[in-house]
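S.K.: The following block contains a protein sequence and its predicted model.
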Amino acid sequence: MYEILLVVYLIVALALVGMVLIQQGKGADMGSSFGAGASATVFGSSGAGNFMTKTTTILATIFFVLSIVLGNLTAGQIKKTDEWENLEAAPAVETVTPAQTDVPVTEEKSSDVPN
């Protein structure tokens, strides 16, 4: 069920992006590039929505509903673990002696640095 909803969610998301990208803006006619669209109100009424506007609204609604449903399903799948549940002793840490390191140990005291 979760996988089916996830596939539908991805399809709706892609369709929503596609619908938004192919829509034409309010001032996208030929005269708007020469200043003719400047007199129109920015948030004015545009009348009844066309097919693309209604489809975008429906896809956005489906997208938000599926987001909430998938979020609730995912929240129910995650099991919280208590960090105090496993109180076993931690494994002993190995100590490295100087003989096991990669740096060679020399006994000579000749150095350029004065003592």
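M.R.: It's in. Numbering: from 1, shown residues only.

S.K.: helix or strand for the residue lying closest to residue 59 once chain neighbours are set aside, which one?
M.R.: Counting by CB to CB, 6 or more residues apart in numbering, residue 16 is the residue found nearest to residue 59 once chain neighbours are left out, at 4.3 Å. Using the backbone N, CA and C atoms, a C-beta is placed for each residue, glycine as well. Assigned by DSSP states H and E, residue 16 belongs to helix 2-22.

S.K.: residues of that helix that come out buried?
M.R.: 9, 12, 16, 19 (16 or more other CB atoms under 10 Å).

S.K.: Show me the contact partners of that helix.
M.R.: 52, 55-56, 59-60, 62-63, 66-67, 69-70, 73, 77 (CB atoms under 8 Å, 6 or more residues apart in numbering).

S.K.: out of those, which is most surrounded?
M.R.: Neighbour count (other CB atoms under 10 Å) singles out residue 59 as the most crowded of the contacts of helix 2-22, with 20 neighbours.

S.K.: Now do the contacts for it.
M.R.: 12, 15, 16, 19.

S.K.: Just the closest of the residues you listed to residue 89, please.
M.R.: For those, the residue nearest residue 89 by CB to CB is residue 12; the value is 51.6 Å.

S.K.: State the pLDDT value of the closest one.
M.R.: Looking at residue 12, its pLDDT is 91.

S.K.: any idea how far residue 68 is from it?
M.R.: Distance of residue 12 to residue 68, given as CB to CB, to the nearest Å: 13 Å.

S.K.: again with residue 10
M.R.: Plainly put, residue 10 is 16 Å away from residue 68 if you go by CB to CB.

S.K.: What of residue 89?
M.R.: On the measure of CB to CB, residue 89 and residue 68 end up 45 Å apart.

S.K.: ok, now residue 55?
M.R.: 21 Å.

S.K.: can you check residue 8 too?
M.R.: Computed as CB to CB, the residue 8 to residue 68 distance reads 14 Å.
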